[in-house]
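J.: give me a 3D structure for the following:
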Amino acid sequence: MKILKKIGSVLFCLLPVLLAFGIQLAVSFAGILLLIALAVLPDPAILSDAERLIRVVSSAIDDSQFFTLLSAIYAVTAALALGFWYWWGFVRKNRPHRKASSLLNLRMLAGLILLAFGLQYLSNYLVALLAAVNPAWLDSYEKLMESAGFGEVTPLIVLYGVIIAPISEELIFRGVTMRYALKAMPFFLANLFQAFLFGLFHGNMIQGTYAFVAGLFLGYVCYAGGSLFLSILFHLLFNLLGTFLPEAFFYAEDSIPLHLLILVASAGVTAAGLFLYRTGAKAQRQTAS
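T.: Purely as a prediction, here's the structure:
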């Protein structure tokens, strides 16, 4: 009986991700219906020409701005739905709520900044490793990024990639999913569980792998700091650097020793960030108590 209850608790942890996936499908379907409606209004005869209708819809879907807009609408909808779930399940019962000033100190902030920089470089090398294993993974990833509009920095890309998506994804994975997982398993397993789902949700090997790695750090930041706002902040910093760091910051020549040096330095920066954040979070808890 206890085993069945434990299995049920684990399966329940999948519901937030399934809800997010359902919202994604619904928004995509609604977007296609809207495209058809916009095409039919000025020319109702298009409905009788299936080939022409498919061509019009395909042309709009291939537009990266349309794809980004749909992604932003999905992320806002998911944030609202999962935000309500998170508030209803975990926030409204916790009174009094922590003040914003009690969440973060300078040591924790410095740790998050170092972590964001270190992970950018480590992710870059992880992508290179995966591309070496299977170049087709990199090809599909680059095509996806191009179709999503990430080839150029636009206001919509910044709004979606740097602000909306981090908030939405944190509510889904570190908010609702990990909080329920912590009721069914210890933190180590709960963190692996939510990070795996986070990677799987991205739908391709390259993005899914580095999302899994980033998800482990995001889960730790949320858990050690005791607040979802901290993993949201870290996610914002990570995506901000990924969007605006120029290519000149990443060494692209063929010197293997220099690449190894940069890799070791990146790991050192990441470790220093973790140390600062962990000790800062401990000091913050002692101050609060």
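J.: hey, where'd the helices end up in the protein?
T.: Using DSSP state H, the helices of the chain run over 2-12, 15-40, 50-61, 64-86, 106-133, 135-147, 155-158, 165-169, 178-184, 187-201, 205-225, 228-244, 256-288.
J.: so for Phe250, which of these sits nearest?
T.: Phe250 lies closest, by C-beta to C-beta, to one member of these: helix 106-133, at 5.7 Å. Backbone N, C-alpha and C define where each C-beta goes, glycine included.
J.: mind giving me the packing neighbours of that closest one?
T.: Counting contacts by 3 or more C-beta pairs under 8 Å, 6 or more residues apart in numbering; DSSP states H and E, helix 106-133 is packed against helix 135-147, helix 205-225, helix 228-244, helix 256-288.
J.: worst average pLDDT in those helices?
T.: Lowest mean pLDDT within the helices and strands packed on helix 106-133: helix 135-147, a mean of 83.
J.: can you pull the buried residues of it?
T.: Using 16 or more other C-beta atoms under 10 Å as the test for burial, helix 135-147 gives Trp137, Leu138, Ser140, Tyr141, Leu144.
J.: you'd agree the third one is up against Asn204?
T.: What that stands for is Ser140. Yes: judged on C-beta atoms under 8 Å, Ser140 makes contact with Asn204 at a distance of 5.8 Å.
J.: that older thread, need the helices and strands packed on helix 106-133 in CSV (columns: distance to Ala81).
T.: Converted to CSV, those look like this (distance: least, C-beta to C-beta, whole Å):
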stretch, distance to Ala81
helix 135-147, 25
helix 205-225, 19
helix 228-244, 15
helix 256-288, 29
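J.: just name the most buried of those helices.
T.: With neighbours taken as mean count of other C-beta atoms under 10 Å, the helices and strands packed on helix 106-133 reach their highest mean count in helix 205-225, at a mean of 22.
J.: quick one: low-confidence ranges for the stretch 1-150 of the chain?
T.: Counting by pLDDT under 70, the stretch 1-150 of the chain has low-confidence residues at 1-2, 4, 6, 39-54, 56-57, 59-63, 95-101, 148-149.
J.: change it to 90
T.: Where the stretch 1-150 of the chain drops to pLDDT under 90, the residues are 1-12, 28-70, 89-104, 124, 127-128, 132, 137-150.
J.: identify whichever of the helices and strands packed on helix 106-133 lies nearest to Leu103.
T.: With C-beta to C-beta as the criterion, Leu103 lies closest to helix 228-244 of the helices and strands packed on helix 106-133, at 5.8 Å.
J.: the closest one vs helix 64-86, what angle?
T.: Helix 228-244 runs at 170 degrees relative to helix 64-86, counting by axes from the mean of the first three to the mean of the last three C-alpha atoms, to 10 degrees.
J.: just the CA trace of helix 228-244, in CSV.
T.: Provided in CSV are the C-alpha atoms of helix 228-244 (Å, rounded to 0.1, in the frame of the first residue of the first chain):
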residue,chain,number,x,y,z
LEU,A,228,11.4,30.4,-6.0
PHE,A,229,12.3,34.1,-6.6
LEU,A,230,16.0,33.2,-6.3
SER,A,231,15.9,30.6,-9.1
ILE,A,232,13.8,33.0,-11.2
LEU,A,233,16.6,35.7,-10.7
PHE,A,234,19.3,33.2,-11.6
HIS,A,235,17.4,32.0,-14.7
LEU,A,236,17.0,35.7,-15.8
LEU,A,237,20.7,36.3,-15.3
PHE,A,238,21.6,33.1,-17.2
ASN,A,239,19.3,33.9,-20.2
LEU,A,240,20.4,37.6,-20.2
LEU,A,241,24.0,36.6,-20.6
GLY,A,242,23.1,34.0,-23.2
THR,A,243,21.3,36.7,-25.2
PHE,A,244,23.7,39.6,-24.9
